[in-house]
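A.B. asks: I would like the atomic coordinates for the input below:
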Amino acid sequence: MRILVTGGAGFIGSHTVDLLLQKGHRVRILDNLTPPVHVDGQLPSYVPRAAEFVLGDVRDRAAWARALPGMDAVFHLAAYQDYLTDFSKFFHVNTVGTALLYEIVVEQKLPIQKIVVASSQAAYGEGKYECATDGVQFPPLRPVEQLLRRDWAPRCPVCQRAMKPGVTDEARLNPHNQYAMSKATQEMIALNLGRRYNIPSVALRFSIVQGPRQSFRNAYSGVLRIFTTRLLSDRAPVCYEDGQQLRDYVSVHDVARANVLVLEDARADYQVFNVGGGRAITVEEYARRIARQLGKAVEPVVPGEFRFGDTRHIISDIGKLRALGWEPQVSFDEIIAEYVAWARAQPDVADYYADAEREMKARGTIRET
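C.D. replies: You can find the predicted model right below:
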């Protein structure tokens, strides 16, 4: 197949490109090469020469017009993600960019056989919890007043008691922040317009994806990257809240395999799937594992600060994707070991956390208790 990968010069996109080429597909990349992911419009050296490259932005009709002709399928992985308060940009890039893709395919009657859209676990908000009194609950965003008291536990919307976190399946969305809302609307566009116009479409809700090629300069996600660069500079990793948040991390290699699976399997058409690691770990424990891998006797710092809009716990139920034959194969420690080895070999590895922290505090994203 001839396949377009938007964001194909980035983290998840480039690994997906590699796997597609290995499987004999012809690949074209559409990417705008902008900061903070990229530096000065430079095409990263890891992008294979076998892939055709088109420079352009998914908000630009002309860019799509250059990239779509001759393609059989599209992986729409380009996205804007950050914790900044430029709310409209999230929707311009993630939501409107996706609508523009479908608009052009329909208008020009392009013979696209499948579109796979990258969504996010973030769209669940706090996800599914169990209240001992009131059963299954999907709690709202935790009030700022509660967080300022260092009361971190989500409360039952009915009785206000603390609840037990569970695994969250694909049935219900509850997005809390601007990125999550843009992703929820993006997948709505893909699945609904896909079905309406007979364009087989799939949305994949990625958990926290980890692995080599994550940009050192993007403060939004990638606790592995942030903690590793801190520790390589002999600085302590900073854990928000109390460090006991449960997170679900997945290797970028497992994500690339999930991408290719749903491309090739018609059972996935018009469906949404969680793509996660199948296990949970606290942020503090993850920091300790990274320190051990680096041989650093540095304890994580837990100052009691929080990121406004963060979820407390989120763990994805991956049973639906497992039913198609997919299984996460890379363990936590393997993810860490591969990333550490890659990061140490990069000439631009540095601790960018301090600058990002100042920016997020200035905008009210990071708040002190």
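A.B. asks: avg pLDDT for the lengthiest helix in the chain?
C.D. replies: Across the chain, the longest stretch assigned as helix under DSSP state H is helix 178-196. Averaged across helix 178-196, pLDDT comes to 97.
A.B. asks: pull up the pairing partners for the helix or strand that it is followed by, direction included.
C.D. replies: As assigned by DSSP states H and E, the chain's next helix or strand after helix 178-196 is strand 201-206. Here strand 201-206 has these sheet partners by DSSP bridges: strand 114-120 (parallel), strand 271-275 (parallel).
A.B. asks: helices and strands around the very next helix or strand once past the shortest one, which ones?
C.D. replies: Translated: strand 271-275. Where DSSP H and E defines the elements, the next helix or strand beyond strand 271-275 is strand 281-282. Here strand 281-282 touches strand 246-247, going by 3 or more CB pairs under 8 Å, 6 or more residues apart in numbering; DSSP states H and E. In this view, the C-beta of every residue, glycine as well, is placed from N, C-alpha and C.
A.B. asks: so what secondary structure elements neighbour the next helix or strand after the strand it packs on?
C.D. replies: For strand 246-247, the following helix or strand on the C-terminal side (DSSP H and E) is strand 249-251. Applying 3+ CB pairs under 8 Å, 6+ apart, one finds that strand 249-251 contacts strand 208-210, helix 332-344.
A.B. asks: ok, residue 269 - contacts?
C.D. replies: For residue 269, the contact set (CB atoms under 8 Å, 6 or more residues apart in numbering) comprises 114, 200-202.
A.B. asks: from residue 73, how far off is it?
C.D. replies: Note on residue 269: its distance to residue 73, by CB to CB, to the nearest Å, is 12 Å.
A.B. asks: which neighbours do the two share?
C.D. replies: residue 114.
A.B. asks: you'd agree residue 142 is in a strand?
C.D. replies: No - per DSSP: H, G, I helix; E, B strand; the rest coil, residue 142 lies outside any strand segment and is coil.
A.B. asks: my guess is it contacts residue 154. True?
C.D. replies: Yes - between residue 142 and residue 154 there is a contact under CB atoms under 8 Å: 6.0 Å.
A.B. asks: between these two, which contacts overlap?
C.D. replies: Listed as contacting both residue 142 and residue 154 by CB under 8 Å, 6+ apart are 126, 312.
A.B. asks: what does the helix or strand that contains residue 231 rub up against?
C.D. replies: Using DSSP H and E, residue 231 sits within helix 223-232. Helix 223-232 is contacted by residues 208, 210-211, 214-216, 219, 236-238, 247, 249, 283, 286-287, 290-291, 294, 296, 298, 300, 335-336, 339-340, 343-344, 349-353 when judged by CB under 8 Å, 6+ apart.
A.B. asks: buried subset of these?
C.D. replies: Buried residues within the contacts of helix 223-232, defined by neighbour count using 16 or more other CB atoms under 10 Å: 208, 210-211, 214-216, 219, 236-238, 247, 249, 283, 286-287, 290-291, 294, 296, 298, 300, 335-336, 339-340, 343, 349, 351-353.
A.B. asks: show me where the protein has helices.
C.D. replies: 11-22, 61-67, 87-90, 97-107, 144-148, 178-196, 223-232, 252-264, 283-294, 319-322, 332-344, 353-362.
A.B. asks: which of these sits closest to residue 138?
C.D. replies: The minimum distance between residue 138 and these falls on helix 178-196, with 13.4 Å, by CB to CB.
A.B. asks: pLDDT below threshold where in the stretch 151-300 of the chain?
C.D. replies: Scanning the stretch 151-300 of the chain for pLDDT under 70 picks out the ranges 218-221.
A.B. asks: try 90
C.D. replies: The stretch 151-300 of the chain contains residues with pLDDT under 90 at 177, 215-223.
A.B. asks: any idea how many residues pack against residue 165?
C.D. replies: Counted with other CB atoms under 10 Å, residues neighbouring residue 165 total 20.
A.B. asks: so residue 158 sits against residue 132, correct?
C.D. replies: No - Residue 158 sits out of contact with residue 132 when judged by CB under 8 Å, with a separation of 11.4 Å.
A.B. asks: chain center to stretch 74-81: distance?
C.D. replies: 10 Å (CA atoms, centre = their mean, to the nearest Å).
A.B. asks: okay, how far is it across that stretch, tip to tip?
C.D. replies: Stretch 74-81 has an end-to-end distance of 20 Å (CA to CA, to the nearest Å).
A.B. asks: can you list the buried residues in stretch 128-135?
C.D. replies: Buried, per 16+ other CB under 10 Å, within stretch 128-135: 128-129, 131.
A.B. asks: can you check stretch 186-200 too?
C.D. replies: 186-191, 193-194, 199-200.
A.B. asks: which outside residues touch that stretch?
C.D. replies: Applying CB under 8 Å, 6+ apart, the contact partners of stretch 186-200 are 76, 94-95, 98-99, 102, 105-106, 112-115, 117, 119, 123, 201-203, 205, 266, 269-270, 272.
A.B. asks: emit the PyMOL select command for whichever of the residues you listed are buried.
C.D. replies: Here is the PyMOL command that selects the buried residues among the contacts of stretch 186-200 (16+ other CB under 10 Å):
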select buried, resi 76+94+95+98+102+105+112+114+115+117+119+123+201+202+203+205+272
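A.B. asks: what's the burial count for residue 309?
C.D. replies: 16.
A.B. asks: who's in contact with it?
C.D. replies: Going by CB under 8 Å, 6+ apart, residue 309 touches 83, 141, 176-178, 365.
A.B. asks: distance of it relative to residue 31?
C.D. replies: 27 Å.
A.B. asks: any idea how far stretch 106-119 is from the chain center?
C.D. replies: Using CA atoms, centre = their mean, the offset of stretch 106-119 from its chain centre is 21 Å.
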